[in-house]
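J.: okay, here's the prediction I keep looking at, along with the sequence it came from:
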Amino acid sequence: MTACFADTFFFLALLNGDDQAHARAVAFAAKPPGRIITTAWVLRELDGSMRFAILIEKTATGYSAHVPDLPGCVVAGETLEEAGDLIREAIAFHLEGMRLHGEPPPEPASMCDYVEVVAPT
């Protein structure tokens, strides 16, 4: 799997003419075994974007949202749209705070899925 992501990243870096990104990918892939170049890492390296899973819950007064990969990154809004806007701002603020404290941004790792079950009768 590492090779697949690495090959994809190398291709995208070369396609964009980004020699520095290609060099970072080579250095990253050369790290000890267990390092996997993920899609999130590729996005961050190419254009600085990151993709985090968020959990949105309906509350008595609106909606809340939090980011499992960023402990403490939680918002509440009266509407779903407001909660979505606020969580984007909160993520950016959280990551900026980490940067200012010299902490690397976490690799997004949480995933979301649904499970269907048959309700007991």
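T.: That came through fine. As the structure is a prediction and not an experimental result, all values here were calculated from the model.
J.: please parse the chain into its domains.
T.: 2-47, 55-100 (automatic domain parsing).
J.: worst average pLDDT in those?
T.: Looking over those, mean pLDDT reaches its minimum on domain 2-47, with a mean of 53.
J.: contact partners for the residue lying closest to Glu57 once chain neighbours are set aside?
T.: Counting by Cβ to Cβ, 6 or more residues apart in numbering, Glu57 lies nearest to Ser64, which is 5.2 Å off, once chain neighbours are set aside. Where C-beta positions appear, they are placed from N, C-alpha and C, glycine not excepted. Taking Cβ atoms under 8 Å, 6 or more residues apart in numbering as the contact definition, Ser64 lies against 56-57, 74-77, 83.
J.: okay if I get those as CSV plus secondary structure and distance to Val118?
T.: Below are these laid out as CSV (DSSP: H, G, I helix; E, B strand; the rest coil; distance: Cβ to Cβ, whole Å):
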residue, secondary structure, distance to Val118
Ile56, strand, 26
Glu57, strand, 24
Val74, strand, 33
Val75, strand, 35
Ala76, strand, 34
Gly77, strand, 34
Ala83, helix, 31
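J.: dump those residues to CSV, plus neighbour count and distance to Cys112.
T.: Shown next, in CSV, are the contacts of Ser64 (neighbours: other Cβ atoms under 10 Å; distance: Cβ to Cβ, whole Å):
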residue, neighbour count, distance to Cys112
Ile56, 14, 10
Glu57, 11, 13
Val74, 14, 17
Val75, 21, 17
Ala76, 16, 20
Gly77, 19, 19
Ala83, 22, 16
